[in-house]
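# from the sequence below, what's the structure:
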Amino acid sequence: MKRLFSVLSIIAAGALLLGSCEKGGSDEGLSSNQKKMKEAVHQYVPNVVYATYKALADETNDLYEALAAAHEKGVNALTQADIDGICTKFLEARKYWEQSEAFLYGPATTFGIDPHIDTWPLDVDGLAVALSNAEQVKMLEGEDGIAYAGAKLGQELLGFHGIEFVIFRDGKNRSVAALKANENHPEFAGKSVTGAQELVYAVAVAGDLRDNCYRLYASWNPDAESEYVDRMEEIEAEIEINDRIYGDNILGATEPGSSFGTWEEAISKILVGGCSNICAEVADVKMGNAHSGEDVNYIESPYSEQSFQDFIDNILSIKFSLYGARDAEKAGEKSILKLLEDLGYKDASKIDSAMSDAIAALKACQAKGSFVKIYADSSVQDAMDAVSALDDEINKAASWVVRQ
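Down below sits the predicted model:
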């Protein structure tokens, strides 16, 4: 690996944030507006990106450990409470992933992590073939099962949706009775696959998911704690892009070696490469493919039937990015939305309103039922239009910023 792993094992939260904010060098030569842009980026990176990826790494580890404990206990000894607990952990981890999709630029894209852990539809036919192969199941259960899953299964069988298939069906937590019996999904017809074998698969895939989320955190945060960095060293996963941790890259905009030559470029990346990108995907692809009839099977989270919650969390990832902190209910003083106001952008309030409208439209869909059942409903078009309107406002703001 290129990086020398010499990170301290424990860093107090206050020191971590202070260290992050000190990165980026001198303000010498920056205009007043550029100094404000720099402050907004330094607010956003640790308080939104690092915070979200840290939570995602921890929650996916909890999910892996819960599945591993269930496997060790043995499928015949499991209770419904065990399965319900795993499902709760899955949805919590899933929330943090969806709330990270407004910053899929950088490591998530460069390292191919996004498609590796979040490709759908799941190749259920391929899964049936894989799990009916005793030798393959044995490899998944072995000491190197996590590495085998990540390298051999392919992205259509990996990530959240493979685990989702095992622990959810028809919008409900999988029954313990179903896991104790043979798989009865139509694609498994003629194949004898047990719940125990599915659990072996889910454990290996969850380990690979956890490792990829550790990688996201370690590749963004130069001060990531040793448990995450050491795991990357153990599995020989690169965490630098062009010899830099990505957080240093964006926090060090304008410095030699950074891919961002100006603070305007950094703000534009956050707005267009991040926020606008997920808007377009939610409206045109995640909802649009099924609603238009182009591909009615292209439905995210079909087994848990949490698609609308995924979409809401995607818009929340934009909201937190623009408000400057995870779970923020209003724009902070050094947030990107406040930056736009301070720079004199007169339509900043329209972005705020458009975010609220998009979330409200998605919640209206959610109140009608799951996306699996109502993807053709007119309310879905209303939600698509609202998300697209938000996208328009974000792009207008980004175009204005680069002209300043």
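
# just checking, S317 is part of a helix?
Yes: counting by DSSP: H, G, I helix; E, B strand; the rest coil, S317 is found in a helix.

# can you give me the pLDDT of the residue nearest to it when sequence neighbours are not counted?
Nearest residue to S317 in three dimensions, chain neighbours excluded: A102, at 3.7 Å (Cβ to Cβ, 6 or more residues apart in numbering). (Each C-beta comes from the backbone N, C-alpha and C, glycine too.) Listed pLDDT for A102 reads 98.

# measure A102 to F320 for me?
Applying Cβ to Cβ, to the nearest Å, the value for A102 to F320 is 8 Å.

# what does N173 give?
From N173 to F320 the distance is 28 Å (Cβ to Cβ).

# between the two, who's got more neighbours?
When neighbours are counted by other Cβ atoms under 10 Å, F320 comes out ahead of the other of N173 and F320, with 24 against 18.

# so that one is in which element?
Counting by DSSP states H and E, the element that carries F320 is helix 307-323.

# which residues in the protein form strands?
Counting by DSSP state E, one finds strands in the chain at the ranges 168-169, 172-173.

# quick one, which of the ones you listed is packed in tightest?
strand 168-169 (a mean of 20; mean count of other Cβ atoms under 10 Å).

# contacts for that one, please.
With contact meaning Cβ atoms under 8 Å, 6 or more residues apart in numbering, strand 168-169 is reached by 87, 90, 174, 178, 303-305.

# all helices of the stretch 151-300 of the chain, in order?
Counting by DSSP state H, counting those that start in this stretch, the stretch 151-300 of the chain has helices at residues 159-167, 176-179, 195-220, 226-234, 246-251, 263-268, 277-280, 288-291.

# from the chain's centroid, how far away is the last one?
Between the centre of helix 288-291 and the centre of its chain there are 21 Å (Cα atoms, centre = their mean, to the nearest Å).

# give me the helices and strands touching that helix, please.
helix 378-402 (3 or more Cβ pairs under 8 Å, 6 or more residues apart in numbering; DSSP states H and E).

# now do the contacts for the residue most central in space within the chain.
Centroid-nearest residue in the chain, with Cα atoms, centre = their mean: W97, separated by 2.6 Å. Counting by Cβ under 8 Å, 6+ apart, W97 touches 56, 117-118, 160, 213.

# what does I270 give?
41, 44, 103, 321, 336 are the contacts of I270 under Cβ under 8 Å, 6+ apart.

# what of A202?
67, 162-163, 166-167.

# how close does it get to D230?
Going from A202 to D230 by Cβ to Cβ gives 25 Å.

# nearest to D248, out of the strands of the chain?
strand 168-169 (38.9 Å; Cβ to Cβ).

# how far does the closest one sit from its chain's centre?
21 Å.

# next: stretch 89-99.
A distance of 8 Å separates the centroid of the chain from that of stretch 89-99, by Cα atoms, centre = their mean.

# list the buried residues of it.
Buried positions in stretch 89-99, judged by neighbour count with 16 or more other Cβ atoms under 10 Å: 89-99.
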